[in-house]
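# Coordinates only, no sequence provided:
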Ligand SMILES: NC(=O)c1ccc[n+]([C@@H]2O[C@H](COP(=O)([O-])OP(=O)(O)OC[C@H]3O[C@@H](n4cnc5c(N)ncnc54)[C@H](OP(=O)(O)O)[C@@H]3O)[C@@H](O)[C@H]2O)c1
């Protein structure tokens, strides 16, 4: 495999399993330096060991961060800013499907916190490093499920209506597309690009530990789902291909631009989401804000 990612530094969240791990393996084979963001240190170290069986000379660092915690995200972004002068690619990949409603220490429903707020905060916290790279890229892993999603701005936290795992998940994946499109507009005069994608229906750790009908279906359908390696292809394409170097604000599937849902293209709602996300930041005033 060509090592054309030599000298490039890539941050990837949720890199210890599934699509994230397969993405990490492919990127080190291309020569990239990797920074893994994982919530469990043992799982992260195990992932590094497994990647090194593929590429023994790989340069890989592990940063521990629970992406449901704003404090953790701000701390890790601070550490990354002080350790690295630039970052070439940020891949927001970590995501959850939760059968039961859980609330984070920040008072947010956890699917919303991990699948949307963490993407927002990682981009915000690392934008200065991406801008310091010759051509920074952001890749947001969304889903086809965004088409089934809608955003209830009056109750994004599922406090006044019954929690539905599928509604929470699909709404968060719709947010990934709206956020990508809005951020691309914000960065229109910037060299940093941002795109999002659907990876396919992938056999991974996704939802399998959950106890509901969808999780059961996911387990039963295992044999019909694609491998994590195949699921990683579009993330890798967006992170590395010269063909997309100038492309920003698009939604991809199977390495091709696809029109996202009508709601995903609603820029008024995307602006509302942006404002809500900003209003929900609990930040340390000493931490510099990038946007
Ligand atoms: N699989 C599919 O068919 C499919 C389809 C469409 C979209 N996607 C998207 O693809 C992305 C990757 O999913 P996957 O299929 O590879 O699932 P996966 O195997 O379950 O991997 C998810 C990763 O996210 C990490 N993660 C979850 N919550 C976290 C938190 N609070 N802090 C830090 N890391 C956290 C997990 O860490 P732990 O190991 O510690 O839990 C794991 O490394 C997700 O965004 C998902 O929405 C998947």
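It's in. Computed from a predicted model, the values in this text were never measured in an experiment.
# Which positions in this structure make contact with the ligand?
With the criterion set to C-beta under 6 Å from any ligand atom, the chain comes near the ligand through 14, 16-20, 39-40, 43, 66-68, 93-96, 114, 141, 143, 198-199, 201-202, 204-206. In short, each C-beta sits where N, CA and C put it, glycine included.
# how about the strands of the stretch 151-291 of the chain, start to end?
Using DSSP state E, counting those that start in this stretch, the strands assigned to the stretch 151-291 of the chain run over residues 193-198, 251-253, 256-258.
# just for the chain, where's the confidence low?
Scanning the chain for pLDDT under 70 picks out the ranges 1, 283-291.
# Just want the most central residue of it.
In the chain, the residue lying closest to the centroid (C-alpha atoms, centre = their mean) is residue 92, at 2.0 Å.
# contacting residues around it?
By C-beta atoms under 8 Å, 6 or more residues apart in numbering, the contact set of residue 92 is 13, 118, 119, 122, 123, 138, 139, 140, 141, 176.
# phi, psi of the nearest residue to residue 160 once chain neighbours are set aside?
By the measure of C-beta to C-beta, 6 or more residues apart in numbering, the closest residue to residue 160 outside its immediate chain neighbours is residue 154, 7.5 Å from it. The phi and psi torsions at residue 154 (degrees, to the nearest 10) take the values phi -80, psi -20.
# can you count the residues close to residue 154?
If you count neighbours by other C-beta atoms under 10 Å, residue 154 ends up with 9.
# picking up where we left off before, what residues are up against the closest residue to the residue nearest to the centre of the chain other than its chain neighbours?
Spatial nearest neighbour of residue 92, excluding adjacent residues (C-beta to C-beta, 6+ apart): residue 119 at 4.2 Å. Under the criterion of C-beta under 8 Å, 6+ apart, the neighbours of residue 119 are 92, 140, 176, 179.
# Let me know the distance separating residue 31 from the ligand.
Residue 31 is 23 Å from the ligand, where distance means C-beta to the nearest ligand atom, to the nearest Å.
# so which helix or strand takes in that residue?
Here residue 31, judged by DSSP states H and E, is contained in no helix and no strand.
# unless I'm mixing things up, it is touching residue 3, no?
Yes - counting by C-beta atoms under 8 Å, residue 31 touches residue 3, with 3.4 Å between them.
# all helices of the stretch 101-250 of the chain, in order?
110-112, 118-131, 165-186, 213-220, 228-231, 233-240 (DSSP state H, counting those that start in this stretch).
# okay, those helices in TSV with distance to residue 282 next?
Listed next are the helices of the stretch 101-250 of the chain as TSV, based on distance: least, C-beta to C-beta, whole Å:
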stretch	distance to residue 282
helix 110-112	14
helix 118-131	10
helix 165-186	19
helix 213-220	31
helix 228-231	33
helix 233-240	29
